[in-house]
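*Asks:* Everything below, folded, please.
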Amino acid sequence: MKEYWEIIRELREDCDKKQSEIAAVLHTTQQVYSRYENGVNEMPVRHLQTLCRYYHVSADYILGLCEEKRPLV
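*Replies:* Coordinates of the predicted model:
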């Protein structure tokens, strides 16, 4: 099972986005977002919710609880 920080990195890379672009979506800095992707800092739930909406995936997918990238309804 992948860790969520690996999954958010893959999602970002699959969309050809830079860390700074995703940080802007989350209203945080690139440095803080980088710490999420590296597993240094835990990501707040509000950022998880924002990323789910942004990438159109479920929280279960980002959290590694399911392997299917099901779109949000």
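
*Asks:* all contacts plus neighbour counts: C-alpha atoms, from now on.
*Replies:* Will do.

*Asks:* which residues touch the residue positioned nearest the centre of the chain?
*Replies:* Nearest to the geometric centre of the chain sits Ile8, at 3.4 Å (CA atoms, centre = their mean). Going by CA atoms under 8 Å, 6 or more residues apart in numbering, Ile8 touches Glu37, Ile62.

*Asks:* what's the helix or strand for it?
*Replies:* In the assignment (DSSP states H and E), Ile8 maps to helix 4-14.

*Asks:* Could I get the buried residue list for that helix?
*Replies:* Residues Tyr4, Trp5, Glu6, Ile7, Ile8, Arg9, Leu11, Arg12 are the ones in helix 4-14 that count as buried (16 or more other CA atoms under 10 Å).

*Asks:* helix or strand right after it?
*Replies:* helix 19-26.

*Asks:* And that next one, what does it pack against?
*Replies:* helix 30-37, helix 45-55 (3 or more CA pairs under 8 Å, 6 or more residues apart in numbering; DSSP states H and E).

*Asks:* Need these in a markdown table (columns: distance to Glu67, mean neighbour count and mean pLDDT).
*Replies:* Formatted as a markdown table, these follow (distance: least, CA to CA, whole Å; neighbours: other CA atoms under 10 Å; pLDDT from 0 to 100):
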| stretch | distance to Glu67 | mean neighbour count | mean pLDDT |
| --- | --- | --- | --- |
| helix 30-37 | 19 | 17 | 98 |
| helix 45-55 | 15 | 15 | 97 |
